[in-house]
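1. Build me a model:
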Amino acid sequence: MRAVTESGLAEVCAALPPNPRVVASGNGALPRQLLGVLDAQVPAYRLFILNAHHGIPTRPDVVHETPFVGPGMRRSSTLSYVPARLSLVPRLFATTMPPDVVVVTVAPLHDGKLSLGTEVNVLPAAIEACRVRGGVVVAQVNRHMPWTYGDGLLGPDDVDVVFEADAPLDEPTPTTPDDAARRIGELVAARIKDGATLQLGIGMVPDATLPGLRERRGLAIWSEMFSDGVLGLEEAGALDSEEPLTASFLYGSAQLSTWVHRNPRVQVLRTETTNAPARIASKRAMTSINTALQVDLFGQANASRISARIHSGFGGQTDFIVGALHADRGQALMALRSWHPKADMSSIVALVDEPVTSFQHTAVVTEQGVAEMFGHDERTQARHLIEQAAHPRVRGELWEEAHALGLCD
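-> Numbering: from 1, shown residues only. The predicted model follows:
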């Protein structure tokens with residue numbers, strides 16, 4: 001591990017092979033200063049990031065690669081979208097998409113180790129594949145990054161070059177749940193019992209669900225990610241103090257970063273572990289809460305595309321739905337509004353006309369009610385969706401479509 005200044009980092013970047021594949025920390029851990037130096041020195045390259053935020057290098061000679069499209073790549077003219085379940089993304093690095101360079105944000109040394117902090121995810125697999133092929137691993141040491149336990153600990157031999165540059169981590173924009181979100185949150189929370197294991201995301205619906213869980217006891221967290229909502233559960237005594245909070249990445253406020261810093265109760269693990277359906281299925285009363293853009297009368301969900309344009313990707317939705325359905329007392333919930341206010345259209349449709357992201361959920365929850373799905377025949381599923389989940393203004397139209405699709409007499 002060699003420490004360099006910005007000029008030394010520029011020399012390292014200038015010596016990279018032509019058109020390298022660069023894998024970088026994503027979500028809220030983007031190493032912006034490091035990427036800025038690399039971008040100034042490398043004429044053309046492929047940039048692989050999961051859920052890239054705004055501020056990534058964008059020019060014709062930079063190809064944006066990802067299995068999960070974030071806001072920084074969503075309208076990229078050079079986007080190369082690679083469909084893959086998140087649990088399988090690490091395999092890409094050892095097969096079709098080997099990295100030449102891995103650039104990460106890390107917390108300063110503690111007990112002889114650097115830490116990937118809030119963003120472990122697929123990065124250990126990328127680092128391992130990069131070292132096997134003789135590539136370069138570069139770390140931006142950032143004092144704002146919390147030091148976390150788990151699979152993101154790097155020894156001096158795991159990193160070739162370190163570059164110190166402090167910058168605040170990205171934080172999510174706070175949201176205030178509206179009436180529809182609060183109602184969905186109430187309905188979801190009512191299905192979660194003491195001792196359940198939760199997969200929580202980020203956004204208005206998870207934020208609205210958490211207040212209803214403050215009176216629960218013995219809850220565990222096994223999730224692709226978690227955010228500030230866990231702090232409220234911790235303060236309320238809802239979490240099992242004997243169970244670690246497990247995720248592959250974290251995305252939240254500076255308060256969350258302070259809480260997870262050197263906190264042994266928080267384990268940030270590699271994606272192959274957190275998103276393995278068999279591991280998920282082993283968790284007690286595993287409850288997966290996801291959302292979608294559309295759900296159709298066959299129970300198929302589109303959470304990835306808008307008008308054929310990729311909006312996000314599979315992410316971990318399919319991993320957790322499958323795992324939760326196989327868990328003892330598990331349930332996979334699809335929580336969404338019955339009506340898209342911006343698009344002015346129903347989220348419950350007769351038949352999705354986009355590629356399907358996931359299928360077969362325990363129940364679909366909207367502010368209208370709960371449509372039970374699993375274990376019912378397709379006609380009953382369609383009836384539940386129309387009567388319990390769809391917005392009243394489209395129910396007549398959906399009944400007509402259901403008749404045409406052979407889902408009712």
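2. How many residues are close by residue 134?
-> 7 (other CB atoms under 10 Å). Where you see a C-beta, it was placed from the backbone N, CA and C, and this is true even at glycine.
3. from memory residue 144 sits against residue 164, does it?
-> No - checked against CB atoms under 8 Å, the pair residue 144 and residue 164 is beyond contact range at 11.9 Å.
4. Can you list the strands that the longest strand seen in the chain pairs with?
-> Longest strand in the chain, counting residues (DSSP state E): strand 101-110. With DSSP bridges as the test, strand 101-110 is paired with strand 21-24 (parallel), strand 113-115 (antiparallel), strand 136-141 (parallel).
5. Can you name the residues bridging to residue 197?
-> With DSSP bridges applied, residue 197 shows beta-bridge pairing to residue 220, residue 286.
6. any chance you could map the helices in the protein?
-> With helices called from DSSP state H, the chain shows them at 6-14, 32-41, 89-94, 123-132, 179-190, 204-209, 229-235, 254-260, 271-274, 277-281, 317-326, 378-384, 395-404.
7. Which of the ones you listed sits closest to residue 169?
-> helix 254-260 (6.6 Å; CB to CB).
8. And for the closest one, what's in contact with it?
-> Identification of contacts with helix 254-260 by CB atoms under 8 Å, 6 or more residues apart in numbering yields 118, 144-146, 148, 168-169, 171, 227-228, 230-231, 234, 250, 266, 268.
9. now for the residues you listed, which pair is the farthest apart?
-> Pairwise over these, using CB to CB, the maximum falls at 168 and 234, 23.4 Å.
10. quick one, which of these two is more surrounded?
-> Set side by side, residue 168 and residue 234 show more neighbours around residue 234, with 16 against 10, by other CB under 10 Å.
11. how close does that one sit to residue 245?
-> Using CB to CB, to the nearest Å, one obtains 9 Å as the distance from residue 234 to residue 245.
12. picking up where we left off before, if you compare the strands paired with strand 101-110, which one is most tucked away?
-> strand 21-24 (a mean of 27; mean count of other CB atoms under 10 Å).
13. Confidence-wise, which of the helices of the chain is weakest overall?
-> Of all the helices of the chain, helix 204-209 carries the lowest average pLDDT, namely a mean of 83.
14. can you give me how far that one is from the chain middle?
-> Offset of helix 204-209 from its chain centre (CA atoms, centre = their mean, to the nearest Å): 15 Å.
15. just stretch 76-92 next, same as before
-> For stretch 76-92, the distance to the chain centre is 13 Å (CA atoms, centre = their mean).
16. who does the closest residue to residue 3 other than its chain neighbours bridge with?
-> Of all residues not flanking residue 3 in the chain, residue 162 sits nearest, at 5.1 Å (CB to CB, 6 or more residues apart in numbering). Beta-bridge pairing of residue 162 under DSSP bridges involves residue 3, residue 139.
17. need the helices of the chain in JSON lines with distance to residue 198, can you?
-> Shown next, in JSON lines, are the helices of the chain (distance: least, CB to CB, whole Å):
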{"stretch": "helix 6-14", "distance to residue 198": "41"}
{"stretch": "helix 32-41", "distance to residue 198": "32"}
{"stretch": "helix 89-94", "distance to residue 198": "23"}
{"stretch": "helix 123-132", "distance to residue 198": "24"}
{"stretch": "helix 179-190", "distance to residue 198": "10"}
{"stretch": "helix 204-209", "distance to residue 198": "9"}
{"stretch": "helix 229-235", "distance to residue 198": "9"}
{"stretch": "helix 254-260", "distance to residue 198": "16"}
{"stretch": "helix 271-274", "distance to residue 198": "13"}
{"stretch": "helix 277-281", "distance to residue 198": "11"}
{"stretch": "helix 317-326", "distance to residue 198": "10"}
{"stretch": "helix 378-384", "distance to residue 198": "24"}
{"stretch": "helix 395-404", "distance to residue 198": "31"}
